[in-house]
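Visitor: Pasting a predicted model and its sequence here:
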Amino acid sequence: MKKIKVGIAGCRGLSTIVGLKSIPDVEITAMCDLDEEHLNSAAEKIGGDIKKYRIFDDMIESDIDAVIIATPMQCHVPQAIAAMEAGKHVMCEVTAGVSIDELFWLCETVEKYKKIYMFAENYIYAPQVQLVKNMVQQGIFGDPYYAEGAYLHNITDLFVYPNGKTSWRSYWQCGKRGNFYPTHSIGPVMQWFPGDRVTEISTFSPGIRHSHGLKQDSGTTTMCRTANGKLLSIRTDCMSPRPHKMDTYLLQGTKGIFESGLDESDGVNGFLDRVSFIGEDNPEKNMKWEKLTNYNMYLPERYKNATKEQLEAGHRGGDFFIVEDFINAIRSNTQPELDVYKACEWTAVGLLSTLSVTNNGKTIEVPNFRPNMPLDEKKIKL
């Protein structure tokens, strides 16, 4: 089996180390970061004979086969395009890009160079998301028709770097209105609506209720309608004072409901992820909750058999399995489930939310990202 050599761009990409090192015939051979101190520290964590680069273009001209892009979001599309032009496969952190035109360029580049492009939306790989996905496929929820996803993370301490310089987050994330970070919410819930896509969105907010001097709303809620008539509510709030809540989800179907809960370690009289289904012992008018873990028999086999090392890779094993799928896609030369079109659709939900929220919740049509998309569809319809 041919060894796959991987380069990592950006220190956030270190979350993939455990996964990459656990897979046979995969080697991390290069690391790139503008900050020399961070670069040296990252290379030390990776270990081995790793080549260090300050310039991304120099790294992709080396003999690596694939690159993991974990740089600030405004760098994602330029670097992904440059990597594919250099003959490298790409796994890219969220979001996919920072403009709708960038998303069209990204699709065109994947189609032109036929390299593997995988979207690194690791929240999809959380065990409870995969468990609910399998339960949906088994028809346990009946016909799912409504879902919620929320990413609630106060990032106000990240607007300035430790050296006093203004962070990129003050511009590309919180220097604009709308839902700038939707994919950790919409990616997982779309797993429960297989074959469907988001066709239109409307975004609302309570406005600016903070004193940070930035344009980002104090939370946004984006309502998404799908091609099959399903409804999704996607909330992002990175400005309000609150503890971090990495994932909040709900799925309603004709036969039952899933609702994510507090982690046991929160210690606030928390409840675990829970479900309730209509049945002979659970009539609709008197439905009772039960633990989602009662249905662990529906977990994918690789989660049931996950090693301690895999589970400790990060995000309850998600950071291992996403890397495994990327490497398998390269070896089989088959685009992964999290391909460029899903990356662009889910990212577009956030980008279009800026237009919607600044126009009083106006409904905006989401482009139908797909192979060989006609030129006259590569536009925003108001």
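Guide: Alright, I've got the coordinates.

Visitor: Contacts only, for the closest residue in space to residue 206 that isn't next to it in sequence.
Guide: In space, and not counting its chain neighbours, residue 206 is closest to residue 218: 5.8 Å by Cβ to Cβ, 6 or more residues apart in numbering. Backbone N, C-alpha and C define where each C-beta goes, glycine included. By Cβ atoms under 8 Å, 6 or more residues apart in numbering, the residues touching residue 218 are 205-210, 237, 239-240.

Visitor: okay, the helix or strand of the chain with the lowest mean pLDDT in PDB with CA atoms only?
Guide: When each helix and strand of the chain is scored by mean pLDDT, DSSP states H and E, helix 308-311 comes last, with a mean of 80. Extracted in PDB, the C-alpha atoms of helix 308-311 (Å, rounded to 0.1, in the frame of the first residue of the first chain):
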ATOM      1  CA  LYS A 308      -9.600   4.400  23.900                       C
ATOM      2  CA  GLU A 309      -7.100   6.200  21.700                       C
ATOM      3  CA  GLN A 310      -9.700   6.800  19.000                       C
ATOM      4  CA  LEU A 311     -12.200   8.200  21.500                       C
END
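
Visitor: What's the first helix or strand after that helix?
Guide: Next helix or strand after helix 308-311 toward the C-terminus (DSSP states H and E): helix 318-332.

Visitor: Quick check: buried residues in that next one?
Guide: 318-327, 329-330 (16 or more other Cβ atoms under 10 Å).

Visitor: quick one: contacts of it?
Guide: 1, 4, 15-16, 18-20, 22-23, 26, 65-66, 89, 91, 116, 118, 120-126, 302-303, 306, 309-311, 313-314, 335-338.

Visitor: So which of those residues belong to helices?
Guide: Among the contacts of helix 318-332, the ones falling in helices (DSSP state H) are 18-20, 22, 302-303, 309-311.

Visitor: In ChimeraX, how would I select just the buried ones from the residues you listed?
Guide: One line in ChimeraX is enough to select the buried ones among the ones in helices among the contacts of helix 318-332; burial here means 16+ other Cβ under 10 Å:
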select :18,19,20,303,310,311
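
Visitor: Which single one of the ones in helices among the contacts of helix 318-332 is nearest to residue 289?
Guide: residue 303 (22.8 Å; Cβ to Cβ).

Visitor: correct me, but the closest one touches residue 130?
Guide: Yes: using Cβ atoms under 8 Å, residue 303 is in contact with residue 130, at 6.3 Å.

Visitor: What are the phi and psi values at residue 68?
Guide: phi -100, psi 120 (degrees, to the nearest 10).

Visitor: Next: the one 4 residues further on.
Guide: Note on residue 72: its backbone torsions stand at phi -50, psi 150 [degrees, to the nearest 10].

Visitor: which ones are touching the residue nearest to residue 49 when sequence neighbours are not counted?
Guide: Spatial nearest neighbour of residue 49, chain neighbours left out: residue 29 (7.7 Å); criterion: Cβ to Cβ, 6+ apart. Taking Cβ under 8 Å, 6+ apart, we find residue 29 in contact with 5-7, 49-51, 62-64.

Visitor: ok, 7 Å please
Guide: Going by Cβ atoms under 7 Å, 6 or more residues apart in numbering, residue 29 touches 5-7, 50-51, 64.

Visitor: Tell me, how many residues neighbour residue 40?
Guide: 13 (other Cβ atoms under 10 Å).

Visitor: Spatially, which residue comes closest to it, not counting chain neighbours?
Guide: With Cβ to Cβ, 6+ apart, the residue lying closest to residue 40 is residue 52, at 7.2 Å.

Visitor: roughly how far apart are the one you found and residue 285?
Guide: 65 Å (Cβ to Cβ, to the nearest Å).

Visitor: Who has more neighbours out of these two?
Guide: residue 52 (15 against 5).

Visitor: The more buried one: helix or strand, and which one exactly?
Guide: Going by DSSP H and E, residue 52 is in strand 51-53.

Visitor: Touching the next helix or strand after that strand from outside, list them.
Guide: Moving toward the C-terminus from strand 51-53, the first helix or strand encountered (DSSP H and E) is helix 56-60. Here helix 56-60 makes contact (Cβ under 7 Å, 6+ apart) with 7, 9, 30, 32, 53, 67, 79, 82-83, 86, 88.

Visitor: Quick check: the most centrally placed residue in the chain vs residue 293, distance?
Guide: Nearest to the mean C-alpha position of the chain, by Cα atoms, centre = their mean, lies residue 121 at 2.7 Å. Using Cβ to Cβ, residue 121 is found at 24 Å from residue 293.

Visitor: got it, and residue 67?
Guide: 38 Å.

Visitor: When the two are compared, which one has more neighbours?
Guide: residue 67 (28 against 14).

Visitor: Could you point out the helix or strand that follows the helix or strand hosting residue 128?
Guide: Here residue 128 sits within helix 127-137, counting by DSSP H and E. Scanning forward in sequence from helix 127-137 by DSSP H and E, the next helix or strand is strand 144-152.
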